[in-house]
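Asks: Output the structure for:
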Amino acid sequence: MKPFFDCAIAQAAQDPHFVARQAVIDLPDADLGSIKAPCLVTRFTGRPLPVPHTGPHHGEHNDAFYGALGLSAQDLADLRSSQSI
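Replies: Prediction:
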């Protein structure tokens, strides 16, 4: 048995009203390909919709995050080589 949410999204993605309103969009994802996602409900005339994304890749912000904590480039290299990050 499929989870309810999976069925509901699949049905919503094909509903004529939702299709016309572009309420369900395809988000490009480097790892998963294209995935269905809900779009913003509130829309304002003359204002473009923001371009949504699926989020950062695993570890994408490690350098900035750990750098802000005071770790050096060598510290990060050591953590990577030990597969800690």
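
Asks: Chain neighbours aside, what residue packs nearest to the residue most central in space within the chain?
Replies: Geometric centre of the chain, nearest residue: T54, 1.2 Å, by CA atoms, centre = their mean. Nearest residue to T54, sequence neighbours excluded (CB to CB, 6 or more residues apart in numbering): D29, at 4.4 Å. C-betas here are computed from N, CA, C, even on glycine.

Asks: Looking at the most far-flung residue of the chain relative to its centre now. What's its pLDDT?
Replies: Most distant residue from the mean C-alpha position of the chain: Q74, 30.4 Å away (CA atoms, centre = their mean). Q74 carries a pLDDT value of 96.

Asks: go on, I9?
Replies: As predicted, I9 sits at a pLDDT of 70.

Asks: what sits against it?
Replies: 24, 36 (CB atoms under 8 Å, 6 or more residues apart in numbering).

Asks: Tell me if it really is in a strand.
Replies: No: the assignment for I9 is helix, going by DSSP: H, G, I helix; E, B strand; the rest coil, so no strand is present there.
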